[in-house]
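Chemist: Task: produce atomic coordinates for the following.
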Amino acid sequence: MKNVKLGLLVSVLSSSQAASQGSYELVWEDEFTGTQLDTQKWSYMIGDGTQYGNPGWGNNELQYYTDRELNAEVSGGSLKIIARQENFGGKPYTSARIRTIGNLDFMYGKVEAEMRLPSTTGIWPAFWMLPTNSPYGGWAAGGEIDIMESVNQADRIYGTIHHGGQWPNNVHTGGEYAPGTDFSQGFHTYTVEWDPDTIRWYVDGNLFRSLNRGNWYSTSAPDNDRAPFDHNFHLLLNCAVGGNFPGNPNGSSQFPQVYEINWVRVYQRMQEPFNGSPIVIPGVLEAEEFDEGYPGDAYSDCDIGNTGGAFRTDVDVDIEAIPGGGYNVGYMCPADWMEYTVDVQQAGDYTAIARVASQTSAGVFRLDIDGNDISGRVDVPNTGNWQVYTDVQFPITLPQGEHIMRLTNVGFSGDEFNIDSIEFVLKGGCLADVNGDGMLSPTDFTAWVSAFNANESECDQNGDGACTPTDFSAWISNFNAGC
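Modeler: Numbers count the residues shown, from 1 in each chain. Next up, the predicted model:
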């Protein structure tokens, strides 16, 4: 999970983007099975907001939040946040407000809870998220994600984001779900899916609102389409009384009111191989088949979105079609990288053959295995056109087993290149098996001719990094030598 704090800092490696962002895995939960609130997961916020520089909690609310069991009771497998009508701390009502800051701070994922809501005029239960350390300024420039809000008679659910500038120059965007249900009569599941470019709201698995990055902004970062929802947030649960949204209780209001939470769970998409299977080595690594996962976990690109417009269009990496077939990762900027889960079936020394193109002065990349440099500097020449490819060979030693391989542009400003593939050939292996069927036969000659005509890496049989007629003689020698 990305930047999750579970007492200690833990780093673990949503829907139109599911195909490119991996499958969900549970990374944090509270089932409320004990007899008191778990303060390794939650902390109380106490008072009327004055202590936090926010009297009335910014909404002219009427409650005073406490840490008493009278207002926050864990029993029978659930948390009960109880709003009571009583004079306390200068306010006519009490309730509870808890948050995960310092214990659970995370970016992106699916958050859900099973809850039964209170229902009376003037009540305001909420399940929501705030930024932990906003780089964009105070509320709401740093963003707010309201997973579930209900006011008064619990006949509708609101899902909302707050963004824009710092108050009072903020705005909110969202929607409501009113299926004719009294949400105080039973438990329902409330969910938000928070992805880099999309936020979606569900009740009992029914999608009722979806927003994408074109629907939000931060005045502090006008050139960042993902701001302010691209940094760590934490969870909050509270039950307010009165205030700007619901209005205040009246003579018909009944107290106490109970906001009951059975469980809270957080999932994140995990980095995993593209299409579910590691890339087998010896073999060919297609550059566009990098791992599925969030940006910053499985890949990093200098701009948002796939500006190449081809294949895996929901990722940031720029992928474009190659004339004649296939795809490349295009215009890799300095510090851009992609990760690949690879399965090295035989340890040893390999010849790596990268098929690259560049219209700029040069390019430079490096390969790492599990964070260790294994290639050193690999130079990409100027081929004269972004779609004129050449093969660049370099030696590499690979350990057996499953590993994470990272390809990084380690050049400087202006050092950009396209990459189509990298072939890994075990030294002493069978270069003459051009069609890769594991045996030598006349069909390998046909495959070599095709590789020669297409100037593909398989043509290079003498290892000089070029595809020339001399490679035909080398292929004959390799064929006669056998595997």
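
Chemist: Quick check: Asp204 vs Phe187, distance?
Modeler: Distance of Asp204 to Phe187, given as CB to CB, to the nearest Å: 10 Å. (Glycine included, C-beta is placed from N, CA and C.)

Chemist: ugh, wrong one, I meant Asn385
Modeler: Applying CB to CB, the value for Asn385 to Phe187 is 62 Å.

Chemist: rewinding a little: more neighbours, Asp204 and Phe187?
Modeler: The neighbour comparison of Asp204 against Phe187 (other CB atoms under 10 Å) goes to Phe187, with 16 against 13.

Chemist: and that one, what is it in contact with?
Modeler: 114-116, 260, 262 (CB atoms under 8 Å, 6 or more residues apart in numbering).

Chemist: pLDDT score assigned to it?
Modeler: For Phe187, the pLDDT comes out at 98.

Chemist: circling back to that earlier point, farthest-apart pair in the contacts of Phe187, please.
Modeler: Spanning the widest gap among the contacts of Phe187 are Glu114 and Glu260, at 9.3 Å by CB to CB.

Chemist: Which of the contacts of Phe187 fall in strands?
Modeler: Of these, the ones assigned to strands by DSSP state E are 114-116, 260, 262.

Chemist: Neighbour-wise, give me the winner out of these.
Modeler: That'd be Met115 among the ones in strands among the contacts of Phe187, by other CB under 10 Å, with 24 neighbours.

Chemist: Show me what the nearest residue to that one once chain neighbours are set aside bridges to in the sheet.
Modeler: Of all residues not flanking Met115 in the chain, Ile261 sits nearest, at 4.9 Å (CB to CB, 6 or more residues apart in numbering). Per DSSP bridges, the residues bridged to Ile261 are Leu79, Met115.

Chemist: Hmm, Ile261 is touching Ser78, no?
Modeler: Yes: shown here, Ile261 and Ser78 form a contact pair, counting by CB atoms under 8 Å, at 6.1 Å.

Chemist: send the alpha carbons of stretch 224-231 over as PDB?
Modeler: Presented in PDB, the C-alpha positions along stretch 224-231 are these (Å, rounded to 0.1, in the frame of the first residue of the first chain):
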ATOM      1  CA  ASN A 224      -1.600  19.600 -12.700                       C
ATOM      2  CA  ASP A 225      -4.900  18.000 -13.800                       C
ATOM      3  CA  ARG A 226      -4.800  15.500 -10.900                       C
ATOM      4  CA  ALA A 227      -4.500  18.100  -8.200                       C
ATOM      5  CA  PRO A 228      -5.600  18.200  -5.500                       C
ATOM      6  CA  PHE A 229      -6.400  14.500  -5.300                       C
ATOM      7  CA  ASP A 230      -2.900  13.200  -5.900                       C
ATOM      8  CA  HIS A 231      -1.400  13.000  -2.500                       C
END
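
Chemist: List of residues touching it?
Modeler: For stretch 224-231, using CB under 8 Å, 6+ apart, the contacting residues are 107, 131-136, 141-143, 145, 161, 163, 194, 196-197, 199, 213-214, 216-218, 220-221, 304.

Chemist: what's the answer for stretch 208-216, then?
Modeler: By CB under 8 Å, 6+ apart, the surrounding residues in contact with stretch 208-216 are 143, 157, 159, 161, 163, 173-177, 196-202, 225-226, 228-229, 304.

Chemist: Kindly report the domain assignment for the protein.
Modeler: Annotated domains of the chain cover 4-269, 274-428, 430-483 [automatic domain parsing].

Chemist: what's the distance between the shortest one and the middle of its chain?
Modeler: Read that as domain 430-483. 42 Å (CA atoms, centre = their mean, to the nearest Å).

Chemist: What's the mean pLDDT across that domain?
Modeler: For domain 430-483, mean pLDDT rounds to 82.

Chemist: so where is this protein shaky, pLDDT-wise?
Modeler: 1-21, 361, 428-429, 436-438, 463-465, 481-483 (pLDDT under 70).

Chemist: Identify the residues contacting Ile123.
Modeler: Shown in contact with Ile123 (CB under 8 Å, 6+ apart): 83, 151-152, 239-241, 246, 249, 253, 257.

Chemist: Any idea which residue is closest to the centre of the chain?
Modeler: Nearest residue to the geometric centre of the chain (CA atoms, centre = their mean): Tyr294, 2.9 Å.

Chemist: Which residue ranges of the chain form helices?
Modeler: With DSSP state H, the ranges of helices along the chain come out as 18-21, 443-454, 470-481.

Chemist: Deepest in the core, which of the ones you listed is it.
Modeler: Of the helices of the chain, the one with the most neighbours on average (mean count of other CB atoms under 10 Å) is helix 18-21, at a mean of 19.

Chemist: neighbours around Asn54, how many?
Modeler: By other CB under 10 Å, the residues close to Asn54 number 13.

Chemist: Equivalent analysis for Lys427, please.
Modeler: Neighbours of Lys427 (other CB under 10 Å): 13.

Chemist: Which residue is the nearest non-sequential neighbour of the residue nearest to the centre of the chain?
Modeler: Tyr108 (5.4 Å).

Chemist: ok, back up a step: just the contacts of stretch 224-231: which are in strands?
Modeler: Using DSSP E, 131, 145, 161, 163, 194, 199 are the members of the contacts of stretch 224-231 that sit in strands.
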